[in-house]
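Colleague: Can you look at this prediction? I've put the sequence above it.
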Amino acid sequence: MELIFNNLEVVWFILITILFAGFFLLEGFDYGTGILLPFIGKTDVERRQMINALGPVWDGNEVWMITAGGALFASFPNVYATLFSGFYLALFLMLAALIIRGVSFEFRSKSPNLLWRKTFDYCIFFGSLIPALLWGVTVGNLIQGTPIDASMTYVAHSLIC
């Protein structure tokens, strides 16, 4: 056991694995609730209750992802750079969807107008669906094997290899 912790790369790998596992476990609840919002929440009150269930935890769950990304950047900058260069479009779309989702949580109740609320309900839906789908594509490609060359450059020509 002492030999494992003498190697700092292994310690960082374990830490990053724990951070991403925590993120996927906790954020899965948020994504699932957001995706099911238009289907399970039949009335405005039911949709509000679903969103209120996420209220205290959704932004805290995002901290796991930010911390894992920061730890990845600090410990394995080549992996971080290769990941972002290879999956730039997917990660950009994910970030945009998460921003739209966060804004929707805050602005949904600012007007009693039904069209206003339905618009933000669908923003929450797509803001939950797109990141969940793109995380699946990204992790699936990483597990399958991401083609990089000796200089740590992503060499595939499409998102799905």
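Modeller: Structure's in. What do you need?
Colleague: mind listing what's buried in the longest helix seen in the chain?
Modeller: In the chain, assigned by DSSP state H, the helix with the most residues is helix 8-40. Neighbour counts over helix 8-40 (16 or more other CB atoms under 10 Å) mark 16, 19-20, 22-24, 26-27, 30-31, 33-35, 37 as buried. C-beta: built from backbone N, CA, C; applies to glycine.
Colleague: The next helix or strand after it packs against which elements?
Modeller: Downstream of helix 8-40, the next assigned helix or strand under DSSP states H and E is helix 44-54. Here helix 44-54 touches helix 8-40, helix 114-144, going by 3 or more CB pairs under 8 Å, 6 or more residues apart in numbering; DSSP states H and E.
Colleague: okay, those in JSON lines with distance to W58 and mean pLDDT next?
Modeller: Shown next, in JSON lines, are the helices and strands packed on helix 44-54 (distance: least, CB to CB, whole Å; pLDDT from 0 to 100):
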{"stretch": "helix 8-40", "distance to W58": "5", "mean pLDDT": "92"}
{"stretch": "helix 114-144", "distance to W58": "10", "mean pLDDT": "92"}
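Colleague: Save these as CSV, and put in distance to I99 too.
Modeller: CSV is the format used below for those (distance: least, CB to CB, whole Å):
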stretch, distance to I99
helix 8-40, 14
helix 114-144, 8
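Colleague: For G28, give me its contacts.
Modeller: When contacts are counted by CB atoms under 8 Å, 6 or more residues apart in numbering, G28 touches A132.
Colleague: element containing the closest residue to L91 other than its chain neighbours?
Modeller: Nearest residue to L91, sequence neighbours excluded (CB to CB, 6 or more residues apart in numbering): F84, at 6.3 Å. According to DSSP H and E, F84 maps onto helix 77-86.
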